[in-house]
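Novice: coordinates only, sequence not included:
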DNA sequence: GAATAATGCTAAAAGGATTTACCAAAAATA
DNA sequence: TATTTTTGGTAAATCCTTTTAGCATTATTC
């Protein structure tokens, strides 16, 4: 039953005028191009009547802009990325942009392949959580005049805009929080990876421990996606081997979830036996008994900055496209009774 | 520094042959169109050498297919939808399709506007969790030959393919499970909405209660997005007013999260004071102490069926495009010690 | 009244592909 | 040798817009 899509040509023919005229009117250039008001009105009415909508595809081809932004993250089903997705979606749509998402699984080859397929789709911009070894691919992208914005993690060696958070500083603060509440044997649970944000968190922990002259206990779990079933068990073993630990700092929330299970299995109580803090706040931490302290990334601000930066770069007027480097502060939420061990 | 994109025309000129020939070779029609092997090889090598990639935009314009599928859900940051997103992404990309997402917030006007903007972008298909009052919009879509697949909820009054789960049956089972474990005053916590899946869950509960001749206690919370802060408190009031309740059935997981908080505040213990079950399983339910029973929707199968149906509809060969109506069974996970109250 | 300026509009190119219809030249057939 | 068939390709239309350059008229100026 598919009724044939009406084109600008059809309109021109029906009205006995030229395509050019219709196009000018459609693009609000009637005045500028000296189309008479009478004709303008007539065309506008006809357009409304037949419900004509220009083909975005043809426009994109002609103008070389597709009004599409790619949102390439490690895993779109991860709550953190999904939340950002939701927020940038809103802002993008408001500005006439659509968002295509994809997940890299932190696999460089997959990331490269995805970027390649998007190049040929003439997307306008990329918001990316880079995988390792993506330097040259991203540099190319920037050279080819795509708008590129890294987030969550960045790549120090290349010249590219980004929006990230203060990983090291917040990790330092969180560790210090544990220390100030009586912990001196604090374990750091993280994941084996080149991801710079993870490294920065480790640095923050390390620095805080060194400042106080405390020994470090670090558990580097293998990186995997999806989350391995045995993760909780591995943490449990680590806790048993280091039974003197009185504090735990999880580098990201899904590690904390697994860790909480391990603590439960071992009948270690929070906050009496162990003080816990996690990077990346989560609804769960407030639900869990007792509530778990966590570092909250400013999702709303991150999203807002992401779109702000994107739109700035996409807007040809702006000369300085290389000055958008945003580092945002996090918030440490102290939740379990904080003087538990004092 | 943006190096100019090379086009099929450039190749033809460089090699001193016609555009047509290049196109035939690119599309693997060299043999069919009787292009000599010599020339074919020469062109293929040149293409590889200059790294030519056809413009997807131009192809889409010419062929009328964009290889884009819209994934329109209530809220992409919801774990359920985000998980589906992740899974269909994989399958879509494997088949050369990209996915644009958008969230309706369950607002019919927003949904209609979104669908309108996508029509002009010549997307090929829509995977939709319909809002209320979307009947005519979706019928139009189907009439205009877009591939449309509803999921999570469907619209009985219109002729459109879908992939859903057995809401009523599973709700009946879950309620029966509570009854079999000694509950006879079971509260049903749901949300005020026209969404058919919510209604079906209510029906399942109602039926089970009526079969056993037990009184029903239903709490209809106002629909809202994002989740209201006072939700937990409202559930708490309900529990206080109906202090004789010994079982609770939550129509969806985020209600259960709020409910668990309320139970905690009221010092009601699970399973001793109250047996609980929730629709939509969640990682949390396994983490929570004690573990919470829940009905798990088959995410993997749902995703697989969605893409299977989509691809089938997009594949022009298939004649019967109206025969894809899938209803999938869920799994009830019984987690707290099941004989608690026997 | 002739030259200039303004008015109102349009033809055609461009963007990058696919595809139909056709055309020479060479080979095969009669 | 004359005719038909096959081979190896190409020109041009098409998808739908945007935009440059220009062209008749009419109005204005001197």
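Specialist: Happy to help now that I have it. Since the structure is predicted, the reported quantities are computational estimates derived from the model, not experimental observations.

Novice: DNA strand C versus the nearest residue to residue A:242 once chain neighbours are set aside, what's the distance?
Specialist: The shortest distance from residue A:242 to any non-neighbouring residue, by CB to CB, 6 or more residues apart in numbering or on different chains, is to residue A:217 (5.4 Å). Placement of C-beta: from N, CA and C, glycine included. Using CB to the nearest atom of the strand, to the nearest Å, residue A:217 is found at 57 Å from DNA strand C.

Novice: what's across from residue A:217 in the sheet?
Specialist: Following DSSP bridges, residue A:217 is listed with bridge partners residue A:187.

Novice: and it, how many neighbours?
Specialist: 18 (other CB atoms under 10 Å in any protein chain shown).

Novice: show me what contacts it?
Specialist: Applying CB atoms under 8 Å, 6 or more residues apart in numbering or on different chains to residue A:217 gives the contacts A:185, A:186, A:187, A:188, A:242, A:245.

Novice: ok, residue A:283 next?
Specialist: Applying CB under 8 Å, 6+ apart as the definition, the contact partners of residue A:283 turn out to be residue B:257.

Novice: can we see that at 6 Å?
Specialist: Remark: with contacts taken as CB atoms under 6 Å, 6 or more residues apart in numbering or on different chains, residue A:283 is in contact with nothing.

Novice: circling back to that earlier point, want to throw the contacts of residue A:217 into CSV with neighbour count, pLDDT and distance to residue A:299?
Specialist: CSV is the format used below for the contacts of residue A:217 (neighbours: other CB atoms under 10 Å in any protein chain shown; pLDDT from 0 to 100; distance: CB to CB, whole Å):
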residue, neighbour count, pLDDT, distance to residue A:299
A:185, 17, 94, 33
A:186, 25, 96, 27
A:187, 24, 96, 27
A:188, 22, 97, 24
A:242, 12, 94, 33
A:245, 19, 94, 31
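
Novice: ok, so of those residues, who is nearest residue B:74?
Specialist: Using CB to CB, the shortest approach to residue B:74 within these belongs to residue A:188, at 38.2 Å.

Novice: identify, from the contacts of residue A:217, the entry nearest to chain B.
Specialist: When the contacts of residue A:217 are compared for distance to chain B (CB to the nearest CB), residue A:187 wins out at 19.6 Å.

Novice: name the helix or strand of chain A that has the lowest mean pLDDT.
Specialist: The helix or strand of chain A with the lowest confidence, counting by mean pLDDT, DSSP states H and E, is helix A:283-287 at a mean of 86.

Novice: got the residues of the stretch 51-200 of chain A near DNA strand D?
Specialist: Those residues of the stretch 51-200 of chain A that sit near DNA strand D, judged by CB under 7 Å from any atom of the strand, are A:52, A:53, A:54, A:55, A:57, A:58, A:59, A:61, A:62, A:63.

Novice: what's the neighbour count on residue A:333?
Specialist: The criterion is other CB under 10 Å. On that basis, residue A:333 has 15 neighbouring residues.

Novice: quick one: is stretch A:86-100 near chain B?
Specialist: Yes: against chain B, stretch A:86-100 shows contacts by CB under 6 Å from any CB of the partner chain at A:86, A:98, A:100.

Novice: closest one of those residues to DNA strand D?
Specialist: Within these, distances to DNA strand D taken as CB to the nearest atom of the strand reach their minimum at residue A:98, with 17.0 Å.

Novice: next, the contact list for the closest one, please.
Specialist: Residue A:98 makes contacts with A:68, B:100, as judged by CB under 6 Å, 6+ apart.

Novice: for chain A, which segments count as helices?
Specialist: In order along the chain, chain A carries the following helices (DSSP state H): A:8-15, A:19-26, A:37-50, A:56-63, A:79-94, A:108-119, A:135-143, A:167-180, A:196-211, A:231-241, A:253-265, A:283-287, A:299-314.

Novice: of those helices, which shows the lowest average pLDDT?
Specialist: Comparing mean pLDDT over the helices of chain A, the weakest stretch is helix A:283-287, at a mean of 86.

Novice: buried set for that helix?
Specialist: Of the residues in helix A:283-287, A:284, A:285, A:287 count as buried by neighbour count, 16 or more other CB atoms under 10 Å in any protein chain shown.

Novice: then stretch A:46-65?
Specialist: Buried residues in stretch A:46-65, counting neighbours by 16+ other CB under 10 Å, are found at A:47, A:52, A:55, A:56, A:57, A:58, A:59, A:60, A:61.

Novice: in these, find the pair that's most separated.
Specialist: Checked with CB to CB, those reach their widest spread between A:47 and A:61, with 21.3 Å between them.

Novice: check contacts around the closest residue to residue A:170 other than its chain neighbours.
Specialist: Excluding its sequence neighbours, the residue lying closest to residue A:170 (CB to CB, 6+ apart) is residue A:330, at 4.3 Å. In this structure, residue A:330 makes contact with A:165, A:170, A:295, A:297, judged by CB under 6 Å, 6+ apart.

Novice: rerun at 10 Å
Specialist: By CB atoms under 10 Å, 6 or more residues apart in numbering or on different chains, the residues touching residue A:330 are A:165-167, A:169-171, A:173-174, A:279-281, A:294-298.

Novice: likewise residue A:204?
Specialist: With CB under 10 Å, 6+ apart, residue A:204 has these contacts: A:166-176, A:188, A:249, A:251, A:279.

Novice: what about those residues, which one has the most neighbours?
Specialist: The member of these that has the most neighbours, counting by other CB under 10 Å, is residue A:249 with 32 neighbours.

Novice: ok, how many other residues are close to residue A:147?
Specialist: Neighbourhood size, residue A:147 [other CB under 10 Å]: 22.

Novice: bridging residues for it?
Specialist: residue A:125.

Novice: surely it touches residue A:310?
Specialist: Yes: contact between residue A:147 and residue A:310 holds when scored by CB atoms under 10 Å: they sit 5.9 Å apart.

Novice: joint contacts of these two?
Specialist: A shared contact of residue A:147 and residue A:310, defined by CB under 10 Å, 6+ apart, is any residue touching both; here these are A:69, A:124, A:125, A:126, A:127, A:161, A:324.

Novice: go ahead and confirm the third one touches residue A:148.
Specialist: The reference is to residue A:125. Yes: in this structure, residue A:125 sits in contact with residue A:148. The criterion is CB under 10 Å, and the distance is 7.0 Å.

Novice: pull up the gap between residue A:171 and DNA strand C, please.
Specialist: For residue A:171, the distance to DNA strand C (CB to the nearest atom of the strand) stands at 47 Å.

Novice: for that residue, give its distance to residue A:278.
Specialist: Taken as CB to CB, to the nearest Å, the spacing of residue A:171 relative to residue A:278 amounts to 11 Å.

Novice: any common contacting residues for these two?
Specialist: Overlap of the contact sets of residue A:171 and residue A:278 (by CB under 10 Å, 6+ apart) consists of A:249, A:251, A:295.

Novice: can you tell me which of the residues you listed is closest to DNA strand C?
Specialist: After measuring the shared contacts of residue A:171 and residue A:278 against DNA strand C - CB to the nearest atom of the strand - the closest member comes out as residue A:251, at 44.7 Å.

Novice: tell me, how many residues neighbour the nearest residue to that closest one once chain neighbours are set aside?
Specialist: If you skip the residues right next to it in sequence, residue A:251 has residue A:190 as its closest partner in space, 3.7 Å away by CB to CB, 6+ apart. Residues contacting residue A:190 under the criterion other CB under 10 Å number 23.

Novice: residue A:181 contacts residue A:335, doesn't it?
Specialist: No: when contacts are counted by CB under 10 Å, residue A:181 is not listed as touching residue A:335 (12.0 Å).

Novice: quick one: common contacting residues for these two?
Specialist: Residues touching both residue A:181 and residue A:335 by CB under 10 Å, 6+ apart: A:271, A:277, A:293.

Novice: show me what contacts the residue lying closest to residue A:60 once chain neighbours are set aside?
Specialist: By the measure of CB to CB, 6+ apart, the closest residue to residue A:60 outside its immediate chain neighbours is residue A:66, 4.3 Å from it. By CB under 10 Å, 6+ apart, the residues touching residue A:66 are A:56-57, A:59-60, A:97-98, A:100, A:118, A:121-125, B:56-57, B:121.

Novice: could I get the residues of the stretch 51-200 of chain A next to DNA strand D as TSV with distance to DNA strand C?
Specialist: As requested, those are exported to TSV (distance: CB to the nearest atom of the strand, whole Å):
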residue	distance to DNA strand C
A:52	16
A:53	16
A:54	11
A:55	9
A:57	9
A:58	5
A:59	8
A:61	4
A:62	4
A:63	9
